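*Asks:* The following block contains a protein sequence and its predicted model.
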Amino acid sequence: MSGVFLRTVVSADQLGRTVIRIAHEILEKDQSGDELALVGIHTRGAFLAGRLADLLEQFSGREVPVGELDISLYRDDVAARGSLTIRPKLPHPEVRGTNLPFGVDEKTIVLVDDVLFTGRTIRAAVDALFDYGRPARIQLAVLVDRGHRELPIRPDYVGKNLPTAVGERINVLLQEVDGVDEIVLEGAAE
Amino acid sequence: MNRHLLSINDISREEIESVLATARKDFLGLPQRNIKKVPTLRGRTIIDLFYENSTRTSTSFELAGKRLSADVINVKSGSSAAGKGESLKDTVLTLSAYRPDIIVVRHPHVGAPAFISRFTEAHVINAGDGKGEHPTQCLLDIFSLMQVYRSLKGLKVAIVGDIFHSRVARSNLLGFQKMGMKVTLIAPPALLPRGVEALGAEVSHSLDDLAGADVIYLLRLQTERHQDANFMPSLREYIDRYCVGRRHVRRGQRVLHPGPINRGVEIESELVDSDGNMILQQVEAGLAVRMAVLYRIIVDNAVPAAPAELKEGGRKIKAARRTLNRELQKTS
């Protein structure tokens, strides 16, 4: 009988500590002074960026601007994959797009996403950022790196490396969207 | 969205809301950026085929395509082979040989866009066909209203003027009703199509009935289409009875007009220049909405082609979930 297995790979406590560690690492590496800004990629990356911004302020005493990026217009598979991911399933009056409440010129931007997989989302995000200005540098923070990169992209800050099979899924659940903090590995059991 | 957008009836209320959400989220803010362009339709070709004069529709479709990074070709009847006697079918077959992804068409004859859609692989968007329809105008009007009203349900709109010759009236009557709005048509009897009540609208011949409306939608008097019959005793009489001015508009009522406007004919000059009207907001909405339509007609019709393993994995997971759910239901 085929079934699906769900395995919690990161618990709420661990997830919280991981985000705190990433915040510390960002501060440790930061040489930009006041020019640091966080940009979360929709949907869960945006919430993670919000959490990191709070922590950075708590640890460093300075406010770090935070924005969010919707990359659907910059995807490389608009033609092929189409409606699989882009089409809003339900009409949602509060669909939020890109919101960058600061100029990106000369900033050190830390892109934040939940899962790093092929790298194509990040490529799109970098392209999108450049349409808003010219950042001094762009770094990448992800909660999970699950491997299988298809582009020469590497993260600067990694919460957890989780080697996976291509057919498996990593579901990052966050309090803000899912009501719980958890990372779940989902796969088909033979 | 369906393969083609020929009529406002090609798109459901849910789809309208979804496409307009795309317009608002992705495209409305774009003109405020320094780089007013996104790479979404890079490599795509759009042909704008216009057999009738147009300023805002043709410029906004052209700009919409260009801001999506598509290659846009404008073919205007005056300067095309149509002037040399080529049939519409042959023109479309010729242009289709260039493999365009979308053909946007305006034509003086009703049904021309539907006719064209039989001879081309491209998506066909109706940008106005004679007295037929003008679906993207309807979408942008709904969008403009959604910017100011929380819900359109139950909203009363009076459409005033040359209903008979207006494709905008036709699309908007259908579209507004689809969104739950109540429509009253106000026009002299000769400028109302016979039997229009059957479409569910109230009919009136007097501007006095503007009083009960939330929204006043004015139409241009299309005198260029009046050649074949006598629709009015005189222009002066029409103006006396049907030209809408500031005195007809009470506070809180919104005034819309699809343009081009004829000052002093269907709308008084003062009303055009007052801030009570939404005419320029409609133009702004037109660009965002047409970008959303061009984008969604491509994306919604694209063939899903996720990497094979991913699809395989996804299928297995979905199948397993179904089994799991079934068993859970059994046990509970």
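*Replies:* Cool, got the structure.

*Asks:* Could you tell me how many residues sit around the closest residue to chain B within chain A?
*Replies:* In chain A, the residue that lies nearest chain B is A:Gly167 (2.3 Å; C-beta to the nearest C-beta). In short, each C-beta sits where N, CA and C put it, glycine included. The local packing of A:Gly167 (other C-beta atoms under 10 Å in any protein chain shown) involves 19 other residues.

*Asks:* do the same with B:Glu197
*Replies:* Around B:Glu197 there are 12 residues (other C-beta under 10 Å).

*Asks:* Pairing partners for the closest residue in space to it that isn't next to it in sequence in the sheet, please.
*Replies:* Once flanking residues are discounted, B:Glu197 sits nearest to B:Val203: 5.6 Å by C-beta to C-beta, 6 or more residues apart in numbering or on different chains. Under the criterion DSSP bridges, B:Val203 forms beta bridges with B:Leu185.

*Asks:* wait, doesn't B:Arg296 sit right on B:Thr22?
*Replies:* Yes - with contacts defined as C-beta atoms under 8 Å, B:Arg296 counts as touching B:Thr22 at a distance of 6.0 Å.

*Asks:* quick check: domain ranges of chain B?
*Replies:* B:8-134+B:284-299, B:136-279 (automatic domain parsing).

*Asks:* Quickly compare these and say which is most buried.
*Replies:* domain B:8-134+B:284-299 (a mean of 20; mean count of other C-beta atoms under 10 Å in any protein chain shown).

*Asks:* Would you mind measuring the gap between the ends of that domain?
*Replies:* 19 Å (C-alpha to C-alpha, to the nearest Å).

*Asks:* for it, the distance to its chain's centre please.
*Replies:* 11 Å (C-alpha atoms, centre = their mean, to the nearest Å).

*Asks:* and it, anywhere near chain A?
*Replies:* Yes - Domain B:8-134+B:284-299 is in contact with chain A by C-beta under 8 Å from any C-beta of the partner chain, via B:14, B:17-18, B:21-22, B:24-26, B:29, B:33-35, B:37-41, B:295-296, B:298-299.

*Asks:* Identify those among those residues that sit within helices.
*Replies:* Per DSSP state H, helices hold the following members of the residues of domain B:8-134+B:284-299 next to chain A: B:14, B:17-18, B:21-22, B:295-296, B:298-299.

*Asks:* And the closest residue in space to B:Asn172 that isn't next to it in sequence, how close does it get to B:Leu174?
*Replies:* Closest residue to B:Asn172 apart from its sequence neighbours, by C-beta to C-beta, 6+ apart: B:Cys138 at 5.0 Å. Between B:Cys138 and B:Leu174 the computed distance is 8 Å (C-beta to C-beta, to the nearest Å).

*Asks:* Find residues that contact each of these two.
*Replies:* B:Ile8 (C-beta atoms under 8 Å, 6 or more residues apart in numbering or on different chains).

*Asks:* quick revisit: could you say which helix or strand holds the residue of chain A closest to chain B?
*Replies:* Assessed by DSSP states H and E, A:Gly167 sits outside every helix and strand.

*Asks:* Tell me where the stretch 1-150 of chain B has strands.
*Replies:* B:45-50, B:71-76, B:102-107, B:123-129 (DSSP state E, counting those that start in this stretch).

*Asks:* Now do the third one against strand B:123-129, angle only.
*Replies:* When you say that, I think you mean strand B:102-107. For strand B:102-107 against strand B:123-129, the angle by axes from the mean of the first three to the mean of the last three C-alpha atoms, to 10 degrees is 20 degrees.

*Asks:* Tell me the secondary structure at A:Glu186.
*Replies:* State at A:Glu186, reduced to three classes by DSSP: H, G, I helix; E, B strand; the rest coil: strand.

*Asks:* show me what contacts it?
*Replies:* A:Glu186 neighbours (C-beta under 8 Å, 6+ apart): A:4-6, A:168-171, B:317.

*Asks:* spatially speaking, which residue is in the middle of the chain?
*Replies:* Because you didn't say which chain, this covers chain A. A:Asp113 (0.5 Å; C-alpha atoms, centre = their mean).

*Asks:* Sorry, I should have been clearer: chain B.
*Replies:* Judging by C-alpha atoms, centre = their mean, chain B has its centre closest to B:Thr136, at 1.6 Å.

*Asks:* Quick check, that one in contact with B:Ala288.
*Replies:* No - in this structure, B:Thr136 is not within contact of B:Ala288 by C-beta under 8 Å, at 11.3 Å.

*Asks:* For B:Gly313, give me phi and psi.
*Replies:* phi -60, psi -40 (degrees, to the nearest 10).

*Asks:* how deep is it tucked in, by neighbour count?
*Replies:* With other C-beta under 10 Å as criterion, B:Gly313 counts 21.

*Asks:* wait, does the host helix or strand of A:Gly67 contact chain B?
*Replies:* Using DSSP H and E, A:Gly67 maps to strand A:66-69. No - legend: contact between strand A:66-69 and chain B by C-beta under 8 Å from any C-beta is lacking; minimum distance shown is 11.8 Å.

*Asks:* average pLDDT for that strand?
*Replies:* When pLDDT is averaged over strand A:66-69, the result is 96.

*Asks:* contacting residues for residue 57?
*Replies:* I went with chain A, as the question did not name one. By C-beta under 8 Å, 6+ apart, the contact set of A:Glu57 is A:63-64.

*Asks:* could you do chain B instead?
*Replies:* So B:Thr57 contacts B:106, B:127-128, B:134, B:136-137, B:286 (C-beta under 8 Å, 6+ apart).

*Asks:* Give me the residue ranges of chain A where confidence is low.
*Replies:* Chain A contains residues with pLDDT under 70 at A:1-2, A:79-95, A:190.

*Asks:* ok, which stretches of it are helices?
*Replies:* A:12-29, A:44-60, A:120-130, A:175-178.

*Asks:* Counting by contacts, list what the shortest one packs against.
*Replies:* Of the remaining helices and strands, those touching helix A:175-178 by 3 or more C-beta pairs under 8 Å, 6 or more residues apart in numbering or on different chains; DSSP states H and E are helix A:44-60.
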